[in-house]
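In: build me a model from this:
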Amino acid sequence: MAASCTQGTVEACSPFSAEQAAAELRKAMKGLGTDEAKIIEVMAKHNNQQRQEIALSFKTQYGKELKAELKSELGGRFEDVVLAMLEKPVNYDARQLKEAIKGLGTDEGTLIEILCSRSNAQIQAIKQAYKTLFKSDLEKDVMSDTSGHFKRLLVSQLSANREENPNVDQAKAVAEAKELFDAGANKFGTDESTFNRILSLRSYPQLVATFDAYRANHGREIEKDIKSETSGFLQEGYLAVVTIARNTPEYFAERLYKSMKGAGTKDKVLIRCVVSRSEIDMVQIKQEFQKKYGKTLGSFIKGDCSGDYKKMLLALCKEA
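Out: Numbers count the residues shown, from 1 in each chain. Okay, the predicted model is just below:
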């Protein structure tokens, strides 16, 4: 899905005064008690670029870091979402990746979500931000934390070399659909390297043409064959690339649904998807969510979250 047909729920606030917004936040935190409603209002009605300017104005006017002030006033998941909103998107992604690989255990879902859904330019910027923030190499860190074909898929995404030509080569689509069929469903065992090469190298429009040719010429859905040929995080990664190529908002609708369904909420996933997509394609994500699950995203958030945390998520999604 091309970015031109997508729309965020958070747009630049106009008219905009960083000085006034900073003053409102200061007033909301000054003295006894905190005016959380005002913090939600100010933060959710400005886009990320404006929030950066508000933070700078706050520091200039009051000689204090806005982030530190908010941290001392807020708590819990509400604090988490507000601080996420203050991060530059590229730094936020870098920090989320670091968190996914540091310490014991790996959060593979986060690695897949970020590395498979960002553009070449975004991935290059994330790698640079990661180096600046952590004095470490993202690719090396990912490689030391993952293994096998899953590791290769992530390294391929990190190479940030996906073709970006919007034109489709139909003959190549037919040929590569056959390659995928022969590498999986048509043989005993699976040749993962063929899947990795095609899924990591081709542009999204080219991949969609390949998946269509796969269905037309081999009578099967690529997703179904990936499910029967692979397992675990490799399967999750391949399916993420397929869904993102076909319909990126659908991928994030599914991520949001899975973060809230069942017992317990995966708050990190929920916060990241809402904050990072609010300026990109949240309008379409909400439509896909309703279409796929028969309920609004807002109703899910209301049923799963509470207090100011819930109110901020709803404000970012423009859900009453």
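In: now do the helices in the stretch 101-250 of the chain.
Out: 108-117, 120-134, 138-145, 148-158, 170-183, 192-201, 204-218, 222-229, 232-260 (DSSP state H, counting those that start in this stretch).
In: highest mean neighbour count out of these?
Out: Ranked by mean neighbour count, those are led by helix 108-117 with a mean of 23 (mean count of other C-beta atoms under 10 Å). Every C-beta, even on glycine, is put in place using the N, C-alpha and C of the backbone.
In: save the helices of the stretch 101-250 of the chain as a markdown table, and put in mean pLDDT too.
Out: Listed next are those as a markdown table, based on pLDDT from 0 to 100:
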| stretch | mean pLDDT |
| --- | --- |
| helix 108-117 | 97 |
| helix 120-134 | 98 |
| helix 138-145 | 96 |
| helix 148-158 | 97 |
| helix 170-183 | 97 |
| helix 192-201 | 96 |
| helix 204-218 | 98 |
| helix 222-229 | 95 |
| helix 232-260 | 97 |
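In: out of the ones you listed, which gets nearest to Ser57?
Out: Closest to Ser57 of the helices of the stretch 101-250 of the chain is helix 120-134 (C-beta to C-beta; 23.3 Å).
In: coming back round to it: reformat the helices of the stretch 101-250 of the chain as TSV; add distance to Lys311.
Out: TSV is the format used below for the helices of the stretch 101-250 of the chain (distance: least, C-beta to C-beta, whole Å):
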stretch	distance to Lys311
helix 108-117	25
helix 120-134	29
helix 138-145	34
helix 148-158	35
helix 170-183	46
helix 192-201	39
helix 204-218	35
helix 222-229	37
helix 232-260	16
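In: between these, which gets nearest to Ser278?
Out: Using C-beta to C-beta, these put helix 232-260 closest to Ser278, at 10.8 Å.
In: measure how that closest one sits relative to helix 108-117, angle-wise.
Out: 100 degrees (axes from the mean of the first three to the mean of the last three C-alpha atoms, to 10 degrees).
In: angle of helix 232-260 against helix 148-158?
Out: Using the same axes, to 10 degrees: helix 232-260 against helix 148-158 is 70 degrees.
In: list the helices and strands helix 232-260 packs on?
Out: helix 108-117, helix 148-158, helix 192-201, helix 204-218, helix 222-229, helix 267-277, helix 282-293, helix 297-304 (3 or more C-beta pairs under 8 Å, 6 or more residues apart in numbering; DSSP states H and E).
In: next, format those helices as a markdown table and append distance to Gln49.
Out: Below are the helices and strands packed on helix 232-260 laid out as a markdown table (distance: least, C-beta to C-beta, whole Å):
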| stretch | distance to Gln49 |
| --- | --- |
| helix 108-117 | 20 |
| helix 148-158 | 26 |
| helix 192-201 | 31 |
| helix 204-218 | 26 |
| helix 222-229 | 37 |
| helix 267-277 | 14 |
| helix 282-293 | 17 |
| helix 297-304 | 24 |
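In: nothing else from me, thank you.
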